[in-house]
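Chemist: structure of the sequence below:
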Amino acid sequence: MKKIFNKWSLLILVLVGGFVLFVPYTDSRMSALDKGIYKDIKTFNEVLDLVKKNYVDEVEPQTLIQGAINGMIKTLDPHSTFMNAEMYKELEVETQGQFGGIGIEITLVKDVLTVVSPIEDTPAYNAGVKSGDQILRIDGKSTKDITIMEAVQKMRGPKDTKVTITIMRENMDKPKDFVLTRAIIQIKSVKAKTFEDNIGYIRIASFHERTADDLRKALKEVTGKLHPMKGLVLDLRNDPGGLLMQAIEVSDMFLKSGVIVSTRGRTRNMESKINAKDDGNEITCPIVVLVNEGTASAAEIVAGALQDNGRALIAGTQTFGKASVQTIIPLENGSALKLTTARYYTPKGRSIQAEGIKPDIVVKYVKRTEDADNGWDDRIREKDLKGHIKPAKEDGTKLNEVRVKEIKDSVDLTNDNQLKTAIDILKSWDIMRKNLNS
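Modeler: Residues are numbered from 1 along each chain as shown. Okay, the predicted model is just below:
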């Protein structure tokens with residue numbers, strides 16, 4: 001793999017539709033503290049001392065200071081957070097694609113803990129937890145003012161132990177308790193199968209440390225069955241993202257040249273431009289990439305790279321719009337700070353932050369009858385998160401947020417109409433190519 005950031009050791013992962021960098025933090029420029037900041041620090045010390053001495057109950061100073069840090073970071077954006085040592089360890093576990101829990105992606109919407117999506121074949125998914133569900137309590141304790149990392153910590157646990165989450169849904173008269181038995185969540189990131197007319201299908205559910213290797217195996221399996229493979233559907237729907245390096249490797253499997261992604265922050269260390277390399281074994285058949293509102297972060301990098309390089313048609317609905325980079329900065333006491341430090345850009349220099357990727361062919365998903373009870377028609381996107389950072393050009397100039405209107409699909413299908421559309425596109429692609437060559 002080519003060098004991405006000089007003198008930086010990188011490990012990048014996604015949490016609820018975002019990716020982060022694990023890096024040693026160094027900054028040679030010392031910012032000068034003005035008198036106003038000194039006064040604010042003095043005020044903080046005075047308040048800390050007053051609370052410590054006069055609050056009705058005795059409070060540990062460490063608890064007060066950590067609360068102050070949490071409050072400071074919460075003023076920034078939804079993806080920056082302070083993690084104690086235990087939370088930091090939980091974060092590292094997520095890169096492995098296996099952990100004990102209930103299997104949901106979560107975020108905060110208007111300060112309410114909310115389900116982004118349940119992971120297929122997990123306790124939460126099998127119990128009927130749905131996208132948009134509000135989690136009001138965990139084991140009877142209110143989730144008001146809870147952080148995402150704290151919620152993750154409460155819901156994670158050993159296999160076969162139980163956790164109760166209290167859910168409120170739009171069409172419910174009152175909250176409902178879901179008693180879930182934790183399991184080992186093994187995220188199978190790549191699934192593959194074939195369709196008639198030599199059409200291959202690969203779904204990437206998330207990007208963890210084995211995704212690129214799993215994709216190579218899946219492509220070998222599919223191409224081995226199809227002689228030749230006339231088209232490929234790459235399904236990135238409801239993929240919340242994952243490891244950035246994996247997203248780059250996946251993109252590179254389909255590109256012989258061109259930019260994959262670039263990043264830009266306030267410091268030069270956060271500036272990069274990653275180019276594809278020609279390995280001579282890239283997939284050359286036509287590709288349709290399926291996306292929707294749950295396609296986020298690293299998954300959007302793949303979709304954007306293939307779209308901007310003219311390598312694939314993008315079909316489905318507007319994506320989540322998560323295009324910011326979080327850097328994990330380990331601290332001396334074993335805790336860590338996850339801080340938003342950069343935006344990423346597609347090969348053509350587009351910032352999709354809070355906007356998402358607009359498909360080349362917009363196809364609204366037609367609900368199956370069994371999904372009709374879910375009243376949450378519009379999935380959560382980055383623009384819906386309180387305090388999300390604004391999009392910007394590569395030179396740092398802020399852009400106005402744009403809401404892309406979706407075109408309603410009138411096809412009445414009881415199955416997966418988006419997938420059917422993608423396959424029909426690939427079939428007609430081959431027909432048009434034959435007619436043009438005749």
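
Chemist: could I get the buried residue list for stretch 159-166?
Modeler: Val163, Ile165, Thr166 (16 or more other Cβ atoms under 10 Å). (Glycine included, C-beta is placed from N, CA and C.)

Chemist: ok so the last one is a strand residue?
Modeler: This means Thr166. Yes - when DSSP: H, G, I helix; E, B strand; the rest coil is applied, Thr166 is found to be in a strand.

Chemist: so what's it up against?
Modeler: Contact analysis of Thr166 by Cβ atoms under 8 Å, 6 or more residues apart in numbering lists Ile135, Leu136, Arg137, Ile138, Gly140, Pro175, Lys176, Asp177, Phe178.

Chemist: in the stretch 101-250 of the chain, which spans are helices?
Modeler: Ranges of helices in the stretch 101-250 of the chain, per DSSP state H, counting those that start in this stretch, are 123-127, 148-155, 211-225, 244-252.

Chemist: what is the last one packed up against?
Modeler: Applying 3 or more Cβ pairs under 8 Å, 6 or more residues apart in numbering; DSSP states H and E, one finds that helix 244-252 makes contact with strand 12-14, strand 19-22, helix 211-225, strand 259-265, helix 298-308.

Chemist: which among the contacts of Thr166 end up buried?
Modeler: When the contacts of Thr166 are checked against 16+ other Cβ under 10 Å, the ones flagged as buried are Ile135, Leu136, Arg137, Ile138, Phe178.

Chemist: list just the nearest of those to Gly349.
Modeler: Among the buried ones among the contacts of Thr166, Ile135 lies closest to Gly349 (Cβ to Cβ), at 38.1 Å.

Chemist: on that earlier part again, just the contacts of Thr166: which are in strands?
Modeler: Of the contacts of Thr166, the ones assigned to strands by DSSP state E are Ile135, Leu136, Arg137, Ile138, Lys176, Asp177, Phe178.

Chemist: roughly how far apart are Asp57 and Gly157?
Modeler: 29 Å (Cβ to Cβ, to the nearest Å).

Chemist: next, count neighbours for Asp279.
Modeler: Neighbourhood size, Asp279 [other Cβ atoms under 10 Å]: 10.

Chemist: name the nearest residue to it, ignoring sequence neighbours.
Modeler: Nearest residue to Asp279 in three dimensions, chain neighbours excluded: Asp252, at 7.6 Å (Cβ to Cβ, 6 or more residues apart in numbering).

Chemist: let me see the contact set for that neighbour.
Modeler: Neighbouring residues of Asp252 by Cβ under 8 Å, 6+ apart: Ile260, Ala276, Lys277, Asp279, Glu282.

Chemist: Pro228 too?
Modeler: Asn198, Cys285.

Chemist: give me that answer again for 10 Å
Modeler: Asn198, Thr284, Cys285 (Cβ atoms under 10 Å, 6 or more residues apart in numbering).

Chemist: circling back: JSON lines for the helices and strands packed on helix 244-252, including mean neighbour count, distance to Leu426 and mean pLDDT?
Modeler: Output for the helices and strands packed on helix 244-252, formatted as JSON lines (neighbours: other Cβ atoms under 10 Å; distance: least, Cβ to Cβ, whole Å; pLDDT from 0 to 100):
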{"stretch": "strand 12-14", "mean neighbour count": "28", "distance to Leu426": "29", "mean pLDDT": "33"}
{"stretch": "strand 19-22", "mean neighbour count": "24", "distance to Leu426": "30", "mean pLDDT": "49"}
{"stretch": "helix 211-225", "mean neighbour count": "17", "distance to Leu426": "13", "mean pLDDT": "94"}
{"stretch": "strand 259-265", "mean neighbour count": "21", "distance to Leu426": "23", "mean pLDDT": "95"}
{"stretch": "helix 298-308", "mean neighbour count": "27", "distance to Leu426": "14", "mean pLDDT": "97"}
